[in-house]
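**Q** Need coordinates for the below:
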Amino acid sequence: MTTGDPYDAVILAGGAASRLGGADKPGTLVGGRSLVSRVGAAVADAERIVLVGPDRPELPGAITVREDPPGSGPVPALRAGLAQVRAPSVAVLAADLPFLTTDDVNALRRRAGGRSGAVFVDDGDRPQWLAGVWRTAGLRAALAGYAGASLRGLMAPLEPAHLRATGHRRPAWYDCDTEDDVAEASRLIEENRA
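**A** Residues are numbered from 1 along each chain as shown. This next block holds a predicted model:
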């Protein structure tokens with residue numbers, strides 16, 4: 001897997017956003033742009049962008065699918081998204097990563113090398129399962145035999161390479177789960193524009 005190889009992207013955007021009071025988290029504005037549009041921009045060079053969740057006007061070229069039933073969790077959402085993937089590798093991303101860039105995605109692709117994939121790890125070395133790049137065939141095979149509900153249970157046995165995000169005021173895996181997270185991300189983005 002290299003940065004020259006084609007890849008697809010699956011963006012999971014169908015969660016309930018309970019810690020945001022049920023708000024439309026993917027549509028939440030951070031620094032003047034929706035979270036999902038920021039993630040979409042990070043994978044603009046993907047062959048296909050598959051959005052799992054409601055249609056998003058911010059990603060007009062995306063293939064939109066829903067997990068069955070809607071809101072049933074990340075594993076069914078990944079299954080629905082992966083069904084639309086054609087490329088040999090796939091970025092699997094949350095829709096709420098305001099600091100993710102194309103360079104970050106390319107770093108994951110390089111780090112994956114000859115492995116099953118690569119994921120960012122946080123400051124406590126915990127893998128961030130919705131900030132990674134995977135070999136499509138291996139992820140499909142793992143999903144085919146998986147009856148669990150956790151992404152960790154699905155992905156950890158694949159033993160992906162780990163990548164620590166560096167060089168950012170906030171790391172690529174930083175997600176916006178609460179109003180405070182959104183406010184902090186917006187503040188940092190505005191500061192970096194000045």
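
**Q** Only alpha carbons, please: show the lengthiest helix in the chain as CSV.
**A** Counting residues, the longest helix found in the chain (DSSP state H) is helix 179-193. Taking C-alpha atoms only, helix 179-193 is exported to CSV below (Å, rounded to 0.1, in the frame of the first residue of the first chain):
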residue,chain,number,x,y,z
GLU,A,179,-19.9,21.1,22.7
ASP,A,180,-16.6,21.8,24.5
ASP,A,181,-14.7,19.7,21.8
VAL,A,182,-16.4,21.7,19.1
ALA,A,183,-15.6,25.1,20.7
GLU,A,184,-12.0,24.1,21.3
ALA,A,185,-11.6,22.9,17.7
SER,A,186,-13.1,26.1,16.3
ARG,A,187,-10.9,28.2,18.5
LEU,A,188,-7.7,26.4,17.3
ILE,A,189,-8.7,26.7,13.7
GLU,A,190,-9.4,30.4,14.0
GLU,A,191,-6.1,31.0,15.8
ASN,A,192,-4.2,29.2,13.0
ARG,A,193,-5.8,31.4,10.4
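
**Q** can you map out the helices along this structure?
**A** All helices of the chain, identified by DSSP H, fall at 35-42, 74-82, 102-112, 136-144, 151-155, 179-193.

**Q** roughly how far is the second one from the heart of the chain?
**A** Spelled out, that is helix 74-82. Put simply, helix 74-82 sits 12 Å off its chain's centre (C-alpha atoms, centre = their mean, to the nearest Å).
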